[in-house]
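Chemist: One predicted model, sequence on top.
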Amino acid sequence: ARDLMLSMGIHGLPIVEDDRVVGIVTSHDLVDDWPPGDPLGSIMSHSVVTIPAAAGLVEAAELMKSELVHHLVAESDGRPVGVISSYDMLDALIARSGA
């Protein structure tokens, strides 16, 4: 997971079972030196905050702030379709400012 996140430049991976999000592994979870064979289920955060994929940026930002998280799993029809991070929010803010 660490190698995948580094190679893709991402900071969070949702853990999905049967089309349902059961957890999330973030770069924060991987700070400790975990043995390479440990299952992701032993280090993932089980409390995952989801948001409808059609939600707006302000709604996502408010949810991140109220839940004190840096990642939201976007869902459509109850199925995960993506992850939005605080970095994605910053990119959107920068793009809207015309910088």
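Modeler: Here it is on my side, so go on.
Chemist: Please count neighbours and contacts with C-alpha atoms only from this point.
Modeler: Will do.
Chemist: show me where pLDDT drops low in the chain?
Modeler: Residues of the chain meeting the criterion pLDDT under 70: 99.
Chemist: Please list all residues in contact with the spatially most central residue of it.
Modeler: Note on the chain: the residue nearest the mean C-alpha position is His71, at 3.5 Å, using Cα atoms, centre = their mean. Counting by Cα atoms under 8 Å, 6 or more residues apart in numbering, His71 touches Gly12, Val49, Met64, Val83, Ile84, Ser85, Ser86.
Chemist: gap between it and Lys65?
Modeler: Separation of His71 from Lys65 (Cα to Cα, to the nearest Å): 10 Å.
Chemist: sorry, back to before: nearest to Asp19, of the contacts of His71?
Modeler: Nearest to Asp19, judged by Cα to Cα, of these is Val83 at 14.5 Å.
Chemist: And for that closest one, the neighbour number?
Modeler: The tally of other residues near Val83 (other Cα atoms under 10 Å) stands at 20.
Chemist: can you check Glu17 too?
Modeler: With other Cα under 10 Å as criterion, Glu17 counts 9.
Chemist: Tell me the spacing between the residue nearest to the centre of the chain and Val25.
Modeler: 10 Å.
Chemist: Need the overlap of contacts for those two.
Modeler: Gly12.
Chemist: for the residue nearest to the centre of the chain, which residues make a bridge with it?
Modeler: Ser85 (DSSP bridges).
Chemist: Next: the one 5 residues further on.
Modeler: Counting by DSSP bridges, Ser76 forms beta bridges with Arg79.
Chemist: which secondary structure elements does whatever helix or strand Arg96 lives in contact?
Modeler: For Arg96, the host element (DSSP states H and E) is helix 86-97. Here helix 86-97 touches helix 57-67, going by 3 or more Cα pairs under 8 Å, 6 or more residues apart in numbering; DSSP states H and E.
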